[in-house]
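Trainee: Structure for the following, please:
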Amino acid sequence: MLHHVELWVPDLARAESTIGWLLQQLGWSEYQRWNAGVSWKLDRTYVVVEQSPALTGPHDRMKAGLNHLALHAGDRHTVDRLTAEAQNHGWHLMFADRHPHAGGPDHYAAFLENEDGFEVELVAD
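Mentor: Below is the predicted model of the structure:
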């Protein structure tokens with residue numbers, strides 16, 4: 001089981017309003033908070049966002065490192081609802097011409113990206 005993932009972000013408030021909003025919609029609860037970061041936990045796994053002074057540049061999902069987080073999002077109705085609502089919380093839909101099957105004909109998901117280039121995939125169970 002995954003223990004945790006830590007994402008360094010250029011703007012903590014913006015990350016909270018996008019990543020934090022989405023995680024809370026998926027049932028994650030705020031777990032830890034400090035001046036430069038916050039985390040959300042579900043079961044034994046947690047996700048951290050931190051605005052580190054050691055950050056050297058913007059996130060680029062097309063370079064080595066994290067491409068995206070894929071998250072269980074419940075049924076297809078929940079994926080559709082979150083996809084619509086996410087656009088009011090700093091996310092935009094990627095691969096709109098192939099949505100909701102951008103991952104293939106048997107894969108129902110939404111691929112979302114925020115202003116800082118972080119991508120999440122909301123996967124229907």
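
Trainee: is it true that Ser29 touches Asp43?
Mentor: No - applying C-beta atoms under 8 Å as the test, Ser29 and Asp43 come out as separate, 10.5 Å apart. In this view, the C-beta of every residue, glycine as well, is placed from N, C-alpha and C.

Trainee: What ranges does this protein have for its strands?
Mentor: Ranges of strands in the chain, per DSSP state E, are 4-8, 29-34, 37-42, 45-50, 69-72, 91-93, 109-114, 119-123.

Trainee: Phi first, then psi, for the most far-flung residue of the chain relative to its centre.
Mentor: What lies farthest from the middle of the chain is Pro105; by C-alpha atoms, centre = their mean that is 22.7 Å. Per-residue torsions, Pro105: phi -60, psi -20 (degrees, to the nearest 10).

Trainee: on that earlier part again, which of the strands of the chain sits closest to Thr83?
Mentor: Nearest to Thr83 among these is strand 109-114; the distance by C-beta to C-beta comes to 4.1 Å.

Trainee: So what are the sheet partners of the closest one and their directions?
Mentor: Sheet pairing of strand 109-114 (DSSP bridges) gives strand 91-93 (antiparallel), strand 119-123 (antiparallel).

Trainee: Those into CSV, with extra columns for distance to Glu85, mean pLDDT and mean neighbour count?
Mentor: Rendered in CSV, the data for those read as follows (distance: least, C-beta to C-beta, whole Å; pLDDT from 0 to 100; neighbours: other C-beta atoms under 10 Å):
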stretch, distance to Glu85, mean pLDDT, mean neighbour count
strand 91-93, 9, 98, 18
strand 119-123, 11, 98, 21
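
Trainee: Relative to Asn67, which of those strands is closest?
Mentor: Nearest to Asn67, of all the strands paired with strand 109-114, is strand 119-123, at 6.8 Å by C-beta to C-beta.
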